[in-house]
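Peer 1: Generate a structure from the sequence data that follows.
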Amino acid sequence: MISRYLSLSVFATSLLCASAQSPSPLPANYIHVSAPMAQRLVLAVKAKHPEIKKLGLHATPPNAAENAIIGSDIASKIGKKSSEPDMKKVIAAKPSAERIDKEGIYDLFLPVTDAQGRDIGQGFVVMEVPFANASNAEDALHIGEAIRNEVQQQIPNRTALYQ
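Peer 2: Now for the predicted structure:
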């Protein structure tokens, strides 16, 4: 009986080792991202702001060709490539608030830099402000800008986001 349990244990360990050595491929709309500081920052800021539903930080990681989510309060979204509409907003470089009636939120997009105003790789934050917390898009943007500024002030430079 002990031999059987030992065999099962060895088998399970070998499966774990094999999966650790050969990670499963990412979906086509994801890239590999490792930005521990960005993730810690997003989680800390989101925890302080119950007036928003979601918070995500996007940027183009060093040595990457595409912009993606580098920090999110929804861990499964880390590495998801930024959408084409969001990338068009990056070019415009202006904050925006889209009213989404079916979800009862304002969907915000705000460009973001580091604390000194330097580029972090086409960075921006996205967040959702429920209608209950903002009477209109302008109010939602004021909430978003304050939160974006809080995020920005804690980014010493682009490199730090990936440490």
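Peer 1: for the protein, which spans come out with low pLDDT?
Peer 2: Where the chain drops to pLDDT under 70, the residues are 1-24.
Peer 1: quick one: the strands in it?
Peer 2: Listed in chain order, the strands of the chain (DSSP state E) span 55-59, 68-72, 96-100, 105-111, 124-130.
Peer 1: List just the one of these that sits closest to residue 90.
Peer 2: strand 124-130 (6.2 Å; CB to CB). Bear in mind the C-beta positions are built from the backbone N, C-alpha and C, glycine included.
Peer 1: Pull out the CA atoms of that closest one and give them to me as PDB.
Peer 2: Extracted in PDB, the C-alpha atoms of strand 124-130 (Å, rounded to 0.1, in the frame of the first residue of the first chain):
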ATOM      1  CA  PHE A 124      -2.500  54.400 -19.700                       C
ATOM      2  CA  VAL A 125      -4.900  53.400 -16.900                       C
ATOM      3  CA  VAL A 126      -8.400  52.200 -17.400                       C
ATOM      4  CA  MET A 127     -11.100  52.100 -14.700                       C
ATOM      5  CA  GLU A 128     -14.800  51.800 -14.200                       C
ATOM      6  CA  VAL A 129     -16.800  54.400 -12.200                       C
ATOM      7  CA  PRO A 130     -20.300  53.300 -11.300                       C
END
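Peer 1: Listing partners with orientation, what would you give for that strand?
Peer 2: Paired strands of strand 124-130, with direction, are strand 55-59 (antiparallel), strand 105-111 (antiparallel) (DSSP bridges).
Peer 1: end-to-end on stretch 149-159?
Peer 2: This stretch, stretch 149-159, spans 19 Å end to end (CA to CA, to the nearest Å).
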